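Participant: Need a 3D model of the sequence below.
(chains A and B)
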Amino acid sequence: MSYLAGKELRIVGFLCNWCSYGGADTAGVGRFKQPTDLRIIRVPCSGRVNPLFVVKALLNGADGVLVSGCHPRDCHYSDGNFYARRRLEMLKRLLPFLGIDERRFHYTWVSASEGARWKNVVTDFTKAIHELGPFHQKEEKTECS
Amino acid sequence: MFIEKLKEAVRKILPEVDVVIGYRQGFDPLHATPYFLDKPEQVDQLIWNPLCVQNLCSYIPFLKGKVGVIVKGCDSRAIVQYMQEKLITRENIKVIGVPCLRVISVKKVMAAINQQTVQEVTFEGDNIIVKIPEGPKTIPSADVAPRKCATCQLATPLQYDVLAGEAIQSNKPQDTFEETKEFEKLSLEERRAYWEKEFDRCIRCYACRNACPMCICQDKCIAESRDPHWTSQRANVTEKAMFHMIHGLHLAGRCISCEECERVCPMDIPVAKIKKKISMDLKELFGYEAGMNPDDTPPMYTFKVEEATIEEHEI
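Facilitator: This is a model prediction of the structure:
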């Protein structure tokens, strides 16, 4: 067990290759101080993010999921994030129906030049997840073995 | 007699198509079962009564050639949705519409007669009379109708080539999603506990998926695939919940609210509840109802550059 266990929560971030991943890189190059709970998964486009990715992550141990893409109208593939917006909005509304706090899932738009904005998104989201606490408190039920 | 009109319609259509899908009596008088017929002498086996609950449209996307199908109002939404998604060629389908005001849930009848053996079933006015060993029992149809019938707006199918009987208007109130809104008043913890309890019963028989008219992937369903490995064979709530999320989210903007999933569930899990919630949101956000107009585009297949109804979220 790492020494960070208990202090750190598991946050998964799906970032589009062209804007948000670049934005995160810009934040790194700019040496902004950021929390380290977020684990980034690079995807070609926010339109690649199947809402089931988010569900799977949340059900299988993530405490929060962040999806970030190019600003609307700025998509590298011209319309991927428009589709993503509709899908993710539906998911955002469905999660509380199943008893999952909607604040555990956030989607936003960060461009490659917005290093400072990225830093704020990560910091605020991580703070919000820490306020909510771990999502999976008890160990999972005994499985068929 | 209505059944004669229906048989007449089927006889007329039979030479033009390869197969007609209708209903015949199942293993006891309470159960109707789908019936595929291609010969004129088989037509006499057809039945029609409120126990003909199955959505026969589910077979259409998998059949080749010309197909005739008996369709109720609720089922006709499947035809419209297939047309929207270009899953069928409308010219190849001969739709025999039947006006219907209410079907009867076999599960509810069986509960009302304590699961006893059914000897005979007759219909009188708005009542169903079930003969069990103790004697005949009269039950008002409205008491044993599925939930969807209470707010059904489609007494006459939306699409039909031949209509057996007269076109009728529905006299039911519109669906206002009362049940969904009521459920949303519960606290997050209560809702989570509710679904954990419900999903825990799931035996992953996939009956809900198999019966679903819009689940057209069937054998290629990602719930059963090893690559990608979305769900494992572990028998825990997480995997079961994941399966139901796959089913629910793949139907976003496509679910026609026929509630076949819930009807076929052997464990009585309210699976249609999730789909109903999604349908409610879609109506609110995009003003869309699946399976109503063949010219519509499902909302998840399209977008607007400026979404008037979607606001940016703050963390």
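
Participant: going forward, measure contacts between C-alpha atoms and count neighbours the same way
Facilitator: Fine.

Participant: Which pLDDT value goes with A:Y3?
Facilitator: A:Y3 is assigned a pLDDT of 55 by the prediction.

Participant: Contact partners for B:L30?
Facilitator: Contacts of B:L30 were listed using C-alpha atoms under 8 Å, 6 or more residues apart in numbering or on different chains, and they are B:L51, B:V106, B:V118, B:E120, B:V121.

Participant: quick one: pLDDT of the closest residue to chain A within the stretch 151-300 of chain B?
Facilitator: With C-alpha to the nearest C-alpha, the shortest gap between the stretch 151-300 of chain B and chain A falls at B:R192, namely 3.9 Å. B:R192 carries a pLDDT value of 95.

Participant: pretty sure it contacts A:F135?
Facilitator: No - counting by C-alpha atoms under 8 Å, A:F135 is not a contact partner of B:R192; they are 11.7 Å apart.

Participant: on that earlier part again, just the element for the residue of the stretch 151-300 of chain B closest to chain A, please.
Facilitator: helix B:188-200 (DSSP states H and E).

Participant: what does that helix contact?
Facilitator: Against helix B:188-200 from outside (C-alpha under 8 Å, 6+ apart): A:96-101, B:183-184, B:236-237, B:240-241, B:269-270.

Participant: Output the helix or strand following it as PDB, nothing but the C-alphas.
Facilitator: Going down the chain from helix B:188-200, the next helix or strand is helix B:207-211, by DSSP H and E. C-alpha atoms of helix B:207-211 as PDB (Å, rounded to 0.1, in the frame of the first residue of the first chain):
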ATOM      1  CA  ALA B 207     -34.200 -11.800 -21.000                       C
ATOM      2  CA  CYS B 208     -34.800  -8.100 -20.900                       C
ATOM      3  CA  ARG B 209     -32.300  -7.600 -23.700                       C
ATOM      4  CA  ASN B 210     -33.500 -10.500 -25.700                       C
ATOM      5  CA  ALA B 211     -37.100  -9.300 -25.600                       C
END
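
Participant: Which SSE is immediately downstream of helix B:207-211?
Facilitator: Following helix B:207-211 toward the C-terminus (DSSP H and E): helix B:237-250.

Participant: and the angle from that next one to helix B:188-200?
Facilitator: Interaxial angle of helix B:237-250 relative to helix B:188-200 (axes from the mean of the first three to the mean of the last three C-alpha atoms, to 10 degrees): 100 degrees.

Participant: Check the gap between B:V109 and B:R24 for me.
Facilitator: According to C-alpha to C-alpha, to the nearest Å, B:V109 stands 19 Å off from B:R24.

Participant: cool, A:S68 as well?
Facilitator: Counting by C-alpha to C-alpha - A:S68 and B:R24 are separated by 54 Å.

Participant: show me where pLDDT drops low in chain A?
Facilitator: A:1-6, A:137-145 (pLDDT under 70).

Participant: For the residue of it at minimum distance from chain B, which residues are in contact?
Facilitator: Residue of chain A nearest chain B, by C-alpha to the nearest C-alpha: A:G99 (3.9 Å). The neighbourhood of A:G99, defined by C-alpha under 8 Å, 6+ apart, consists of B:S187, B:L188, B:E189, B:E190, B:R191, B:R192, B:A193, B:W195.

Participant: Let's have these in TSV, adding neighbour count.
Facilitator: Listed next are the contacts of A:G99 as TSV, based on neighbours: other C-alpha atoms under 10 Å in any protein chain shown:
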residue	neighbour count
B:S187	13
B:L188	18
B:E189	13
B:E190	15
B:R191	19
B:R192	18
B:A193	14
B:W195	18
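
Participant: Tell me where chain B has strands.
Facilitator: Shown for chain B, the strands assigned by DSSP state E span residues B:19-25, B:32-37, B:67-71, B:93-97, B:120-124, B:127-132, B:135-140, B:162-163.

Participant: and what of chain A?
Facilitator: With DSSP E as the criterion, chain A has strands spanning A:11-16, A:38-43, A:64-69, A:105-109.

Participant: the inter-axis angle of the first one versus strand A:38-43?
Facilitator: This points to strand A:11-16. Going by the same axes, to 10 degrees, strand A:11-16 makes 30 degrees with strand A:38-43.

Participant: Strand A:11-16 pairs with which strands, parallel or anti?
Facilitator: strand A:38-43 (parallel), strand A:64-69 (parallel) (DSSP bridges).
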